[in-house]
Structures are given as structure tokens and as C-alpha cells.
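In: following is a predicted model, sequence given first.
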Amino acid sequence: VSFDVIVVGVGGHGAAALAHIARRGLKVLGLERFGIPHAQGSSHGLNRLLRVAYGEGAIYVPIVRRARELWLELSRAAGEELFVPTGSLDVGYPDRLTVPRALASCRAHGLAHDMMDAAETMRRFPGWRLDADQVALFQPDGGLVRTERSILAHARLALAAGAEIRANTPVSRIEEMIGGGARVVTSRGVFEAGQVVVSAGAYLPRLVPALARISEVRRIPVGWFAPRDPALYAPDRFPVWTLDSPLGEFYGVPLDQGHPGVKLGGPSSGDQPGRWIADPETVDRRPTPVDEAPLAAALARHLPGAAGPALDVQSGLITWTPDGHFVIDRAPGQPSTLVVSACSGHGFKFTPVIGEIVADLIAGARPRHDLAPFRLSRFEAFA
Ligand SMILES: Cc1cc2nc3c(=O)[nH]c(=O)nc-3n(C[C@H](O)[C@H](O)[C@H](O)COP(=O)(O)OP(=O)(O)OC[C@H]3O[C@@H](n4cnc5c(N)ncnc54)[C@H](O)[C@@H]3O)c2cc1C
């Protein structure tokens with residue numbers, strides 16, 4: 001069977017790519033190893049943060065602004081709220097890590113923001129308890145995005161625009177064909193396409209082994225805790241947040257989708273990678289006391305009204321590149337195959353804009369964003 005495009009992996013980015021490609025009238029097939037959605041990859045757990053005051057680099061600000069527009073568009077098209085505007089709060093120190101980086105992005109792009117000392121932060125957001133030397137930066141454009149529901153919405157819109165999706169269909173190989181195009185070998189037959197998009201998340205290094213050199217998969221815990229005072233942690237009083245504290249780096253979201261627990265994740269893996277390395281085929285996804293204890297400690301110190309018993313602890317997988325930036329590029333030696341590895345722990349907010357970027361690249365259109373930071377040639381191994 002022949003398609004214009006095959007998307008391998010219908011998770012966060014694959015579902016978005018499928019919807020954007022189908023909308024342009026191309027014949028497109030999505031192949032997914034598990035169901036849609038599922039909890040074996042990187043995109044489960046109800047929601048993620050969207051911050052516009054982007055600490056990971058000012059280069060992301062125009063892209064995240066476009067993502068925000070597309071989240072609102074997607075919500076309208078899907079008829080449901082998939083982006084909840086809450087603003088974002090970065091809590092930390094004036095001179096290290098997240099706060100100065102987020103502030104630099106605000107200044108570089110003229111974003112509205114408020115810098116607050118500890119007392120003012122606690123007055124404005126009474127769910128928080130800051131140490132006396134901590135400060136916070138509030139930026140009003142942030143919010144939370146809904147993960148499983150947006151994957152379903154993108155899949156629904158893709159199908160309505162004529163895409164095909166085959167779930168429970170693992171891809172074992174992608175072979176370039178002489179004369180162009182690629183053959184995609186699955187457990188349920190072989191498919192051909194002019195172009196292939198590989199958005200396989202943590203499983204990418206197996207499908208495109210050349211990328212194993214620059215991909216490190218990590219197992220990341222998150223937990224939901226019953227708040228003693230739920231009103232303090234509602235979306236209108238409690239923005240999505242990041243925290244730099246003597247206990248480590250954490251992040252979280254307000255109460256959402258009727259879940260009774262306040263969700264947070266961390267401590268972040270950047271500073272101690274070895275401890276977190278995982279193989280998606282063999283990783284133990286079950287929660288451990290080691291996952292839960294740091295989350296509970298961060299709540300007790302900084303969000304005391306949310307520091308009730310754990311209602312759930314889960315783990316997810318992230319795919320880390322050496323510089324923490326995404327890969328959006330042709331696979332080495334495979335000109336028909338476009339690789340989308342937009343993770344490093346901060347990719348979900350970008351899913352709709354990356355769907356749009358992928359559809360532009362597939363169509364040979366000039367990308368609307370500077371994609372140079374995401375090329376493989378930035379790494380010595382591919383220079
Ligand atoms: C705990 C945690 C917290 C995070 N917090 C944030 C946040 O606050 N904000 C943010 O923006 N990002 C955040 N991220 C990162 C974000 O969730 C990921 O970057 C994003 O989900 C990655 O999406 P993906 O499409 O690459 O992967 P996935 O959604 O996992 O999709 C990959 C898909 O490919 C499929 N697949 C793999 N191999 C094959 C194969 N051989 N054949 C067929 N299908 C295959 C998989 O089954 C899967 O469905 C967080 C991640 C984690 C784990």
C-alpha cells in the first residue's frame with residue numbers, strides 16, 4: 001500500500017504531525033506500536049506545563065508563542081479546552097538557574113512579567129511558602145496543556161481529514177528505496193511512502209540507530225497528592241510552576257480534569273543523569289518510595305496546603321540530547337526520513353507547532369521558524 005507520508009509513532013508529536021499533514025490534503029498513515037493514547041511513552045499523566053518565559057532559551061519564545069496560538073485553535077476545532085491559561089510562576093533565586101533565564105527570555109522578547117520577593121509571592125499566591133531568600137517571576141501567558149486529550153483530539157481531526165491510523169502495529173524497520181521513498185516494515189505488513197516521519201519518542205534510538213549516540217532515555221517520576229486546602233491549588237489561584245530549591249528542581253500544575261490530586265514532578269534529572277538512565281523495553285515503570293519521598297518533601301516545604309497523602313505516583317520517559325535541544329532533521333543517510341525528537345523533557349507544549357513545522361518540511365515549504373538549533377550537524381558526531 002502506498003502513501004504520501006507515513007508517521008511512525010502516534011504519540012504527542014506524531015498525532016499532531018498527522019493532523020497537520022492530513023489537513024493539507026496528503027494521503028497519510030500513522031503507525032502506532034501501542035494504543036492511542038497509552039502510558040508506555042512520554043506523553044501520559046493528564047497534562048504538562050506551557051511556559052512562554054522560556055528558561056531553556058530565548059530562541060524558543062517565538063515558537064512557543066505560535067504553539068500557544070495553535071493550542072487555542074486546536075481547542076476551538078476540537079470543541080474542548082486543551083490549554084488552560086493560568087500564567088506561569090518560576091520560583092528560585094535571582095542569580096541561578098531558572099529565574100534569571102526566564103527573566104532573560106521576558107526581556108529579550110518584551111513579555112509582560114512581575115518579579116516578586118518571597119513575601120509578595122506568598123501574598124499573591126497563598127498556596128506557596130518560599131524561603132526568605134527566594135524570589136519568583138510571574139508571566140501571564142503560561143498555562144497547562146492536556147496531554148492524552150490533545151493526542152485524541154489531533155487523532156480525531158486527522159481521521160476527519162482523511163488520515164489512516166493503525167494502532168498496535170509496531171514498526172521494525174524503515175528502508176530507503178532506490179529512486180526515492182521508503183518502505184516501512186511492520187508486524188502487520190509492509191507500507192510504502194514518499195516520505196516518512198519518525199516521531200517514536202523514547203523508542204527512536206532503536207528505529208534510527210545512528211541517533212543512539214546522542215539520545216539518552218531517562219525515567220522521570222511524577223506524583224499526585226491530596227491537598228488539605230484544594231481551593232488554594234485551583235487553576236485561577238495557582239499558576240503552573242517551576243521551583244529551584246535546596247531540595248532540587250521541581251515543577252507542577254494546578255488541579256485539573258477533576259483529578260483530586262495536586263501534581264508535581266522532580267527532582268529534575270539534568271544534574272545527575274546517571275541515576276535516571278532507562279531502556280524503554282526493560283524499564284520498571286512501577287512507583288518506588290525513592291520516587292515519592294522527594295516529591296513529598298518539596299510539598300511539605302514549599303506547598304504545605306497540598307502536602308497530603310500520595311494518590312498516585314507514576315513514571316514517564318524522556319529522551320535527552322547532549323545540549324537539551326530538539327532534533328528536527330533528516331535521518332543520516334535516509335533522505336526520505338524526517339526525525340522529530342522534540343523532548344529533552346520539555347517538548348509537549350510544542351506538539352501543535354511541531355506538527356505544523358513537520359507539515360511545512362514535508363511539503364518543501366520554507367519553515368516559519370529558525371530550525372538551525374535543531375539540526376543534527378550541531379553535534380560533532382554528525383558535523
Ligand atoms: C514526567 C514528565 C514531565 C514532563 N513535563 C513537561 C512539561 O511540563 N512541559 C512540556 O512541554 N514537556 C514536558 N515533558 C516532555 C514531553 O512530555 C515530551 O517531550 C513529549 O511527550 C514527547 O512526545 P513524543 O511524541 O516525542 O513521544 P511519545 O508521546 O511517547 O510518542 C512516541 C510514540 O511512538 C510510538 N512508537 C515507538 N516506537 C514505535 C515503533 N517501532 N512502531 C510504532 N510506533 C512506535 C510510541 O508507542 C509512542 O506512542 C515531560 C515529560 C515527562 C516524562
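Out: Alright, I've got the coordinates.
In: surely residue 347 and residue 327 touch.
Out: No - between residue 347 and residue 327 there is no contact, the gap being 10.6 Å when judged by CB atoms under 8 Å. In this view, the C-beta of every residue, glycine as well, is placed from N, C-alpha and C.
In: looking at the two, which one has more neighbours?
Out: residue 327 (24 against 21; other CB atoms under 10 Å).
In: enumerate every residue touching the more buried one.
Out: Going by CB atoms under 8 Å, 6 or more residues apart in numbering, residue 327 touches 211, 214, 321, 339, 340, 341, 342, 374, 375, 376.
In: is it bridged to anything, and to what?
Out: Beta-bridge partners of residue 327, counted by DSSP bridges, are residue 341.
In: how much space between it and the ligand?
Out: Applying CB to the nearest ligand atom, to the nearest Å, the value for residue 327 to the ligand is 10 Å.
In: same question for residue 31.
Out: According to CB to the nearest ligand atom, residue 31 stands 5 Å off from the ligand.
In: can you pull the contacts of that residue?
Out: 6, 7, 8, 9, 10, 166, 169, 171, 184, 186, 191.
In: around the second one, how many other residues sit close by?
Out: Spelled out, that is residue 7. 35.
In: shouldn't it be within a strand?
Out: Yes - assessed with DSSP: H, G, I helix; E, B strand; the rest coil, residue 7 lies in a strand.
In: now it: how far from residue 327?
Out: Counting by CB to CB, to the nearest Å, the separation of residue 7 from residue 327 is 16 Å.
In: test my guess that residue 325 contacts residue 372.
Out: No - look at residue 325 against residue 372 with CB under 8 Å: they stay out of range, at 10.4 Å.
In: which bits of the chain sit near the ligand?
Out: 8-14, 31-34, 40-43, 48-49, 170-171, 199-201, 203, 207, 220, 222, 251, 265, 316-318, 343, 345-349 (CB under 6 Å from any ligand atom).
In: which members of the residues you listed are classed as buried?
Out: Among the residues of the chain next to the ligand, those scoring as buried are 8-14, 31-34, 40-43, 48-49, 170-171, 199-201, 203, 207, 220, 222, 251, 265, 316-318, 343, 345-349 (criterion: 16 or more other CB atoms under 10 Å).
In: of the residues you listed, which belong to strands?
Out: In this view, these that belong to strands under DSSP state E are 8, 31, 48, 49, 171, 220, 222, 251, 265, 316, 317, 318.
In: for the fifth one, list the residues it contacts.
Out: The reference is to residue 171. Applying CB under 8 Å, 6+ apart to residue 171 gives the contacts 8, 31, 33, 184, 185, 186, 200, 207.
In: give me the beta-bridge partners of the fourth one?
Out: For residue 184, the beta-bridge partners are residue 174, residue 191 (DSSP bridges).
In: right, and it touches residue 194 too?
Out: No - using CB under 8 Å, residue 184 makes no contact with residue 194, being 11.8 Å away.
In: the two: who's more crowded?
Out: Taking neighbours as other CB under 10 Å, residue 184 and residue 194 compare with residue 184 leading, 24 against 17.
In: and the gap between the more buried one and residue 153?
Out: Taken as CB to CB, the span from residue 184 to residue 153 is 25 Å.
In: then residue 79?
Out: In this structure, residue 79 and residue 153 are 9 Å apart, going by CB to CB.
In: now swap in residue 111 and tell me
Out: For residue 111 relative to residue 153 (CB to CB), the value is 27 Å.
In: list the residues that contact residue 63.
Out: So residue 63 contacts 350, 353, 369 (CB under 8 Å, 6+ apart).
In: what is the nearest of these to the ligand?
Out: Of all those, residue 350 has the smallest distance to the ligand: 6.5 Å, by CB to the nearest ligand atom.
In: run a quick neighbour tally on the closest one.
Out: Neighbourhood size, residue 350 [other CB under 10 Å]: 25.
In: for the one 10 residues further on, same thing?
Out: Neighbourhood size, residue 360 [other CB under 10 Å]: 17.
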